[in-house]
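Enquirer: heads up, no residue letters with this:
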């Protein structure tokens with residue numbers, strides 16, 4: 001009942017939903033407590049019970065209970081619940097249901113959803129999107145950025161290239177799943193898991209604003225084939241001309257002063273992770289009344305290292321290979 005109720009509830013939502021509403025208004029009437037799972041006569045019957053248990057377990061997970069979630073992030077989960085609704089569960093579905101039940105309280109299960117909510121926090125932050133719009137204007141000289149940032153979507157893909165971090169789409173940005181694993185493996189072995197997640201958030205913020213700027217640029221010009229370097233001649237009077245005239249890089253520099261290699265920075269003994277993480281927290285959470293209140297990133301104090309890589313493609317983000325020795 002809980003699984004069917006969740007599918008029905010999710011189909012009635014639009015872009016995002018509050019799990020507390022489902023828990024308090026629906027789940028409490030269906031299955032208010034964590035369900036015991038007894039062994040049935042067959043693996044198939046037992047696995048079928050996992051469906052309701054996974055949903056009720058979500059209600060005991062503070063991450064799901066305390067946050068707003070995007071409907072799209074639960075698309076495949078709901079598809080699995082619908083496919084197994086009649087009790088005919090194959091080996092592949094048994095495996096997926098078992099895994100979901102096992103990892104209900106782990107960082108691995110929360111990881112993608114946490115990233116989706118981090119993305120929503122960025123695209124709904126007016127001062128962040130205003131700063132991106134200012135970068136687009138500085139390149140195009142078009143006053144009105146013809147793009148509603150809240151409509152931006154994020155998609156995850158597997159492409160077989162572990163250093164392909166992401167790229168800009170029509171009205172979405174794409175993030176490489178294998179690149180996330182690659183990035184985490186590149187971080188200093190001296191870092192604890194919590195520290196690695198903080199560096200990951202910093203790099204993911206960089207990647208999101210980088211590709212978002214490309215989407216906004218193309219939307220403003222109504223030209224998906226637009227390339228920011230083609231506008232360089234219009235801005236040559238600027239004595240502080242960037243070494244790399246590329247929308248995503250200009251956007252990164254607008255927030256962090258320089259184009260930072262976050263993985264490489266963790267190898268630097270002078271890297272101040274606490275300062276960098278605190279800066280991001282202030283940027284996302286502290287209100288500002290004017291541009292002068294916009295937090296300014298002190299690159300020298302941060303101990304960060306610049307990303308020296310040459311850009312080969314526009315709106316496509318690659319990671320460099322780091323010498324681990």
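Expert: Structure received. Just so we're clear, the structure is a prediction, and the values are computed from it rather than from any experiment.

Enquirer: which residue comes closest to the most centrally placed residue in the chain once chain neighbours are left out?
Expert: For the chain, the residue nearest the mean C-alpha position is residue 115 (3.7 Å; C-alpha atoms, centre = their mean). Among residues not flanking residue 115 along the chain, residue 204 sits closest, at 6.7 Å (C-beta to C-beta, 6 or more residues apart in numbering). Bear in mind the C-beta positions are built from the backbone N, C-alpha and C, glycine included.

Enquirer: give the contact list for the one you found.
Expert: Counting by C-beta atoms under 8 Å, 6 or more residues apart in numbering, residue 204 makes contact with 115, 118, 175.

Enquirer: hmm, who's touching the strand or helix carrying the first one?
Expert: Think residue 115. Secondary structure from DSSP states H and E places residue 115 in helix 107-123. With contacts defined as C-beta under 8 Å, 6+ apart, helix 107-123 is touched by 16, 61, 63-64, 67-70, 72-73, 100, 103, 128-129, 149-150, 152, 154, 156, 175, 193, 197, 201, 204-205, 208-209, 212, 284.

Enquirer: just checking, which helix or strand succeeds it along the chain?
Expert: Remark: after helix 107-123, the chain's next helix or strand is helix 126-140, criterion DSSP H and E.

Enquirer: please list the outside residues in contact with that next one.
Expert: With C-beta under 8 Å, 6+ apart as the criterion, helix 126-140 contacts 122-123, 142-143, 145, 149, 209, 212-213, 216-217, 220-221, 228, 231, 235, 247, 250-251, 254-255, 283-284, 288, 294.

Enquirer: restricted to helices, list those residues.
Expert: Among the contacts of helix 126-140, the ones falling in helices (DSSP state H) are 122-123, 209, 212-213, 216-217, 220-221, 247, 250-251, 254-255, 283-284.

Enquirer: please indicate which of the residues you listed are buried?
Expert: 122-123, 209, 212-213, 216-217, 220-221, 247, 250-251, 254-255, 283-284 (16 or more other C-beta atoms under 10 Å).

Enquirer: list just the nearest of those residues to residue 299.
Expert: residue 255 (11.0 Å; C-beta to C-beta).

Enquirer: tell me which residues touch that closest one, please.
Expert: Residues in contact with residue 255, defined by C-beta under 8 Å, 6+ apart, are 131, 205, 206, 209, 283, 297.

Enquirer: any weak-confidence spans in the stretch 101-250 of the chain?
Expert: 102-111, 159-160, 225-245 (pLDDT under 70).

Enquirer: all the strands of this structure, residue numbers only.
Expert: 16-18, 68-70, 153-157, 164-168, 172-176, 316-318 (DSSP state E).

Enquirer: as TSV, those with mean neighbour count and distance to residue 49 would be great.
Expert: Listed next are the strands of the chain as TSV, based on neighbours: other C-beta atoms under 10 Å; distance: least, C-beta to C-beta, whole Å:
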stretch	mean neighbour count	distance to residue 49
strand 16-18	16	25
strand 68-70	18	24
strand 153-157	16	29
strand 164-168	23	38
strand 172-176	21	34
strand 316-318	19	43
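
Enquirer: cheers, nothing more for now.
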